[in-house]
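**Q** Sequence first, then the predicted structure, then my questions.
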Amino acid sequence: MAYDSNNVFAKILRNEIPSVRVYEDDKTLAFMDVMPQADGHVLVIPKEPAENILDLSSQGAAALIATTQKVARAVKKGLDAPGIMIAQLNGAPAGQSVFHVHFHVVPRQHGADFRLHAREMMETPDRLRDFAGKIKAALE
């Protein structure tokens, strides 16, 4: 499948749809997942158009993993999370639903429910901004 420049993440990159941004540099963007698997779920994407990790340039992959690591540290610190789950899916059979390569950074707490992604209600913007503020503070 060819890269679809009208996928939801491409639209977020172009500011065509709103997002609660956590971190941005010249090669990557991190923002709150609107249908989080856990409170504080962040998505990290490259600005380079690539459907999956296999299509991403080596430079894009390096930038993406560096930002993912930076954001994961901030999620852990900012949300006082004892664990962090990092997931990256390639292709529909693997569970990928948005075909722009991305990492999920999901804080994990002992005993906390793990919600199914994209199967429950969207989180409110106010709650997303609250979590984003805590994560941004930990980035500084």
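**A** Thanks, I have it.
**Q** Could you list the residues in contact with stretch 13-32?
**A** With contact meaning CB atoms under 8 Å, 6 or more residues apart in numbering, stretch 13-32 is reached by 8, 11-12, 41-48, 59-60, 63-64, 66-67, 70-71, 74, 105, 123, 125, 128-129, 131-132, 135-136, 139. C-beta coordinates here come from the backbone N, C-alpha and C atoms, glycine included.
**Q** Narrow those to those that are buried.
**A** 8, 12, 41-48, 60, 63-64, 67, 70-71, 74, 105, 123, 128, 131-132, 135-136 (16 or more other CB atoms under 10 Å).
**Q** Among those, which lie within strands?
**A** If you go by DSSP state E, these have Val42, Leu43, Val44, Ile45, Pro46, Val105 in strands.
**Q** max-length helix in the chain?
**A** Under DSSP state H, the helix in the chain containing the largest number of residues is helix 58-78.
**Q** For that one, give the mean pLDDT please.
**A** For helix 58-78, mean pLDDT is 98.
**Q** any idea of the angle that helix forms with strand 42-46?
**A** Angle, helix 58-78 to strand 42-46, by axes from the mean of the first three to the mean of the last three CA atoms, to 10 degrees: 160 degrees.
**Q** what's the following helix or strand after helix 58-78?
**A** With elements assigned by DSSP states H and E, the helix or strand that comes after helix 58-78 is strand 83-87.
**Q** distance between that following strand and the chain's centre?
**A** Its chain's average C-alpha position is 11 Å from that of strand 83-87, according to CA atoms, centre = their mean, to the nearest Å.
**Q** tell me, what residue is most central in the chain?
**A** Leu43 (0.3 Å; CA atoms, centre = their mean).
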